[in-house]
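Q: just the structure for this:
(2 chains)
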Number of protein chains: 2
Amino acid sequence: MQAYFRALQSRLCEELATLDGKRKFRLDAWDRPGGGGGHTATIADGAVFEKGGVNWSAVWGEFDDAALARLGPGDRRFFATGCSLVLHARNPFVPTVHANFRYLERGEDSWFGGGCDLTPTYPDLDDARHFHEAWKRACDRHDPSYYERFKRWCDEYFYLPHRGETRGIGGIFFDDLRGDRDRLAAFVKECADTIVPAYAPIAQRHRDDPFGEKESRFQALRRGRYVEFNLLYDRGTAFGLATHGRAESILMSLPPLARWEYGWQPEPGSREARALALFQPRDWLRADVAGRTSS
Amino acid sequence: MQAYFRALQSRLCEELATLDGKRKFRLDAWDRPGGGGGHTATIADGAVFEKGGVNWSAVWGEFDDAALARLGPGDRRFFATGCSLVLHARNPFVPTVHANFRYLERGEDSWFGGGCDLTPTYPDLDDARHFHEAWKRACDRHDPSYYERFKRWCDEYFYLPHRGETRGIGGIFFDDLRGDRDRLAAFVKECADTIVPAYAPIAQRHRDDPFGEKESRFQALRRGRYVEFNLLYDRGTAFGLATHGRAESILMSLPPLARWEYGWQPEPGSREARALALFQPRDWLRADVAGRTSS
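A: Residues are numbered from 1 along each chain as shown, chains lettered A, B, ... in the order given. Next up is the predicted model:
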């Protein structure tokens, strides 16, 4: 899996740089003092991507007391490898995409985790259906129960209770996936192969959409919510920082610019008001096209 | 204390609006479903203050299980009142200031907490000495041990372990202050009276300092660190959100705009590099003027 995820990172960087058309990814190789290391590849000021990164890492060693306190008692020996990406686009009509697939071992136990989800500034129902259809197809090839379970898990995980809203329009999320390692690895590889076809057509469709100050401002406010989720609730971020992970690689997920205004509310009936109403768990495969917000 | 903190909020809003000269504070009154409520006063787009707020609240009731899990077992009945402020200035040479003073009861137990600290983008040693001298004077009038203890506590509390740096140049911070209630209330009131004289001369001195794109960009990057601290580590923010506090009042502390760049490093020898080197616990009363960064 370690070699697979490393090759996946290279492939994703190539495909995403091709999509961007202007910038390539820059690679930082780093070592982890306790064992292992990783490659952090980042892009900035591209034609499509304002800020983004693709991480690969393979780390091993023994959990210290801080990690044990978070994970609960058990074997201290661990191995973890995975590939994750977050891409923030310049155009407010191109969604932010996040994906993360990983393989973990603790003592004799091993499992997979991962997922991919979309965070538009202005959710578009056609885009949302395309994205969810791609994940349903990938899931259905492996287990008929996966899409429904992992879609719901994603809605529950990427939720901001203090705002009463989801981070975006979801996708799939799973953890603690145990069983036949070859079969699960095949599923995770299918997921990894789904990232670009699920996302790239959406980015292509909107990369040249006209926008102005108003849309960029709303984008920055929504990015504030993205920051709130990642720093307040994301378990990977909290665990990574608590266990002295490489801060720049962990916080690679943060947007280039985020805005906060006290008590901000959209104008009633505005496109921003319609967008906000969509940040709730929703069956995007059955979404009514009449509710679309980007037209 | 409830009436005192409410009057303090009004007084601070008046004095800070006078300092700003362009905008006044707008008051939002809110009720807390479980008991009590508060007033959130905010300012935006002022001559000095880009975004800021002064909160007053007095809340009571019974801790629910989520609160008990965070606080540890004990009496469920509580009462809390306090006044807090955070002001983010437009000019990168005017520091962000934060203050928070509170009185709490749980069952028969009661205590005070609070503090005031300064977060400059570019620490200035003269400003830092002025600020710390004001807090030392206020502390020394009540207990000769307070300043040293509370200054160190502040450095320890406002620290970002994943960055290896302090949030700003500190000030004082204390919690669980128990004893003669009248004497402690007198100390807290002296602290409250110290906020404006400790801060206003610094804001006045730098409100018209020339700055450009480079300084605003560094300010936004530093504000990213401010966001990281408040969302990752601030216990008041975590407790407030976990116990269903009013999100807009709790997150009033966040800056108007924050920036993240992967692996950002200042140019060696630049003013930004000299500024970064100062975000470490330091005896600002003895600070060597030769190290100043704003000239």
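
Q: so is stretch A:257-270 next to chain B?
A: Yes. For stretch A:257-270 and chain B, the contact criterion (C-beta under 8 Å from any C-beta of the partner chain) is met by A:Leu257, A:Ala258, A:Arg259, A:Trp260, A:Glu261, A:Tyr262, A:Gly263. C-beta coordinates here come from the backbone N, C-alpha and C atoms, glycine included.

Q: the second one contacts B:Pro256, correct?
A: No. Using C-beta atoms under 8 Å, A:Ala258 and B:Pro256 do not qualify as a contacting pair, with a distance of 9.9 Å.

Q: and those two? Which one has more around it.
A: A side-by-side neighbour count of A:Ala258 and B:Pro256, using other C-beta atoms under 10 Å in any protein chain shown, places A:Ala258 first with 27 against 21.

Q: next up, the contacts around the more buried one.
A: A:Ala220, A:Arg223, A:Gly224, A:Tyr226, A:Val227, B:Val227, B:Leu257, B:Ala258, B:Arg259, B:Trp260 (C-beta atoms under 8 Å, 6 or more residues apart in numbering or on different chains).

Q: what's the weakest-modelled helix or strand in chain A?
A: helix A:65-71 (a mean of 83; mean pLDDT, DSSP states H and E).

Q: turn the residues of stretch A:257-270 next to chain B into a markdown table, including pLDDT, distance to A:Asp283 and secondary structure.
A: Shown next, in a markdown table, are the residues of stretch A:257-270 next to chain B (pLDDT from 0 to 100; distance: C-beta to C-beta, whole Å; DSSP: H, G, I helix; E, B strand; the rest coil):
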| residue | pLDDT | distance to A:Asp283 | secondary structure |
| --- | --- | --- | --- |
| A:Leu257 | 98 | 33 | strand |
| A:Ala258 | 98 | 30 | strand |
| A:Arg259 | 98 | 31 | strand |
| A:Trp260 | 98 | 31 | coil |
| A:Glu261 | 98 | 32 | coil |
| A:Tyr262 | 97 | 34 | coil |
| A:Gly263 | 96 | 31 | coil |
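
Q: which of those residues sit farthest apart?
A: Greatest spatial distance in those: A:Leu257 and A:Gly263, 20.5 Å, computed using C-beta to C-beta.

Q: looking at those two now, which is surrounded by more residues?
A: The residue with more neighbours, out of A:Leu257 and A:Gly263, is A:Leu257; 20 against 13, by other C-beta under 10 Å.

Q: stretch A:154-164 and chain B, are they touching?
A: Yes. Shown here: stretch A:154-164 in contact with chain B (C-beta under 8 Å from any C-beta) through A:Pro161, A:His162, A:Arg163.

Q: in the stretch 151-295 of chain A, which residue sits closest to chain B?
A: Using C-beta to the nearest C-beta, the closest approach of the stretch 151-295 of chain A to chain B is made by A:Leu231 at 3.6 Å.

Q: in contact with that residue, which residues?
A: Neighbour list for A:Leu231: A:Thr237, B:Val227, B:Glu228, B:Leu231, B:Leu232 [criterion: C-beta under 8 Å, 6+ apart].

Q: which ones among those are found in strands?
A: Counting by DSSP state E, no part of these is found in strands.

Q: now, the most widely separated pair of these?
A: A:Thr237 and B:Val227 (13.0 Å).

Q: buried residues, stretch A:30-42. List them.
A: A:Arg32, A:Gly36, A:Gly38, A:His39, A:Thr40, A:Ala41, A:Thr42 (16 or more other C-beta atoms under 10 Å in any protein chain shown).

Q: from the chain's centroid, how far away is it?
A: Taking C-alpha atoms, centre = their mean, to the nearest Å, the mean C-alpha location of stretch A:30-42 is offset from the chain mean by 20 Å.

Q: kindly report the same for stretch A:184-198.
A: The answer for stretch A:184-198 is 14 Å, by C-alpha atoms, centre = their mean.

Q: which residues sit against it?
A: By C-beta under 8 Å, 6+ apart, stretch A:184-198 touches A:1, A:4, A:8, A:12, A:15-16, A:19, A:83, A:85, A:97, A:99, A:101, A:103, A:112, A:114, A:116, A:130-131, A:134-135, A:137-138, A:141-143, A:146, A:171-172, A:177-178.

Q: what comes up buried for it?
A: A:Leu184, A:Phe187, A:Val188, A:Cys191, A:Ala192, A:Thr194, A:Ile195, A:Val196, A:Ala198.

Q: just the ones of those residues in helices?
A: The subset of those located in helices under the criterion DSSP state H comprises A:Leu184, A:Phe187, A:Val188, A:Cys191, A:Ala192, A:Thr194, A:Ile195, A:Val196, A:Ala198.

Q: right, is the helix or strand just after the least confident helix or strand of chain A up against chain B?
A: Per DSSP states H and E, helix A:65-71 leads on to strand A:77-89 as the next helix or strand towards the C-terminus. No. Using C-beta under 8 Å from any C-beta, strand A:77-89 never reaches chain B; the gap is at least 9.6 Å.

Q: tell me the phi and psi of the spatially closest residue to A:Thr96 that is not a sequence neighbour?
A: Spatial nearest neighbour of A:Thr96, chain neighbours left out: A:Thr119 (4.2 Å); criterion: C-beta to C-beta, 6 or more residues apart in numbering or on different chains. For A:Thr119, the backbone dihedrals (degrees, to the nearest 10) come out as phi -120, psi 90.

Q: same check on A:Asp180?
A: phi -70, psi 110.

Q: start to end distance for stretch A:171-191?
A: Across stretch A:171-191, the terminal residues are separated by 11 Å (C-alpha to C-alpha, to the nearest Å).

Q: near chain B, which residues of the stretch 101-250 of chain A?
A: Going by C-beta under 8 Å from any C-beta, the residues of the stretch 101-250 of chain A near chain B are A:161-163, A:220, A:224, A:227-228, A:231-232, A:238, A:241, A:244, A:247-248, A:250.

Q: now with 7 Å?
A: Proximity of the stretch 101-250 of chain A to chain B, by C-beta under 7 Å from any C-beta of the partner chain, involves residues A:His162, A:Arg163, A:Val227, A:Glu228, A:Leu231, A:Leu232, A:Leu241, A:Ala247, A:Glu248.

Q: alright, calling it a day.
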